[in-house]
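*Asks:* generate coordinates for the sequence data below:
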Amino acid sequence: MTTHSKLTAAKKTASFERQKAAQQNQTRDKIIAAATRVFADYPYHSASIRMIGKAAAVDHPLINYYFPTKAALFEEVLKNETEKYYLANISWFDGLAGLSPAKGLSLYIDRFFGFALKNRAALRIITLNLVQAQNAMIIPGYERIQDFFARTAHTFMQAIPLQGADTEIKMFTTNFNTLAINYLGADTYYAGIMGMAPGSRRYLEWVKENLMYVFLPQLKQIVGGQDAG
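*Replies:* The predicted structure follows:
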């Protein structure tokens, strides 16, 4: 084989390998996307690989090729969704430091709503798997949810000038995230209680009104009792 022929063969091989890798990445991404939809509708123990295969339109063995266990696939989805939420949360603090507690909290909630309406999976997966009976280890990657709450508290402490104790701040952020995530992650339940349509403007206004009512007084305390205007 001539040098030219060898180079041509090498180029063809490299091109084939790139195409193969691209196809594998596409398939893997397709599986993760389908798993995200399934895990957003069912808690970890109720969801199945069969459901995910049907949603992705791929055979069960192919899923096992990329993710040997349901636990491995769930951890990947949970990692992606909590990280997406965390990074979005950082951006919601832009420009809030110079605002009053009332205006700052109002704008933060609006930004949270903007994310939540486009990324329902993140909130629903957290909501469906947040409460586990006595043993967090039964949910693969459960510590990621706990880490998410801890990191959002840290972001809040870095972004906003505070005067409260760390315990008060962590209590505030944990309570806010828990309630806000439940209101939008389980909106069918709460909207049903109020006789409203889930995701409707009326329901979102009700959620915001409740969050402002519950958390604005606490926020004023930990930022030094600034005026609410």
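*Asks:* which ones are touching the residue nearest to residue 121 when sequence neighbours are not counted?
*Replies:* Nearest non-adjacent residue to residue 121, counting by C-beta to C-beta, 6 or more residues apart in numbering: residue 40, 4.0 Å away. Backbone N, C-alpha and C define where each C-beta goes, glycine included. Going by C-beta atoms under 8 Å, 6 or more residues apart in numbering, residue 40 touches 120, 121, 124, 125, 128.
*Asks:* to which secondary structure element is residue 40 assigned?
*Replies:* Assignment of secondary structure by DSSP states H and E places residue 40 within helix 3-41.
*Asks:* how does the protein divide into domains?
*Replies:* 1-68, 71-229 (automatic domain parsing).
*Asks:* deepest in the core, which of these is it.
*Replies:* Each of the domains of the chain was given a mean neighbour count from mean count of other C-beta atoms under 10 Å, and the largest, a mean of 16, is that of domain 71-229.
*Asks:* rounded mean pLDDT for that domain, please.
*Replies:* In this model, domain 71-229 carries a mean pLDDT of 89.
*Asks:* now residue 31: how far from residue 56?
*Replies:* When C-beta to C-beta, to the nearest Å is applied, the distance between residue 31 and residue 56 equals 5 Å.
*Asks:* what do these two both touch?
*Replies:* For the pair residue 31 and residue 56, residues contacting each of them under the criterion C-beta under 8 Å, 6+ apart are residue 63.
*Asks:* in what helix or strand does residue 126 lie?
*Replies:* Secondary-structure assignment from DSSP H and E places residue 126 in helix 120-129.
*Asks:* mind saving the C-alpha coords of the following helix or strand past that helix as PDB?
*Replies:* On the C-terminal side of helix 120-129, the closest following helix or strand by DSSP H and E is helix 142-159. Coordinates of the C-alpha atoms in helix 142-159 are reproduced here as PDB (Å, rounded to 0.1, in the frame of the first residue of the first chain):
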ATOM      1  CA  TYR A 142     -30.100  11.400  46.700                       C
ATOM      2  CA  GLU A 143     -27.200  13.400  48.200                       C
ATOM      3  CA  ARG A 144     -27.300  15.600  45.000                       C
ATOM      4  CA  ILE A 145     -30.700  17.000  46.200                       C
ATOM      5  CA  GLN A 146     -29.300  17.700  49.600                       C
ATOM      6  CA  ASP A 147     -26.100  19.200  48.000                       C
ATOM      7  CA  PHE A 148     -28.300  21.400  45.800                       C
ATOM      8  CA  PHE A 149     -30.100  22.900  48.800                       C
ATOM      9  CA  ALA A 150     -26.800  23.500  50.500                       C
ATOM     10  CA  ARG A 151     -25.200  25.200  47.400                       C
ATOM     11  CA  THR A 152     -28.200  27.500  46.900                       C
ATOM     12  CA  ALA A 153     -27.900  28.600  50.500                       C
ATOM     13  CA  HIS A 154     -24.300  29.400  49.900                       C
ATOM     14  CA  THR A 155     -25.100  31.300  46.700                       C
ATOM     15  CA  PHE A 156     -27.600  33.400  48.600                       C
ATOM     16  CA  MET A 157     -25.100  34.300  51.300                       C
ATOM     17  CA  GLN A 158     -22.600  35.400  48.700                       C
ATOM     18  CA  ALA A 159     -25.000  37.400  46.500                       C
END
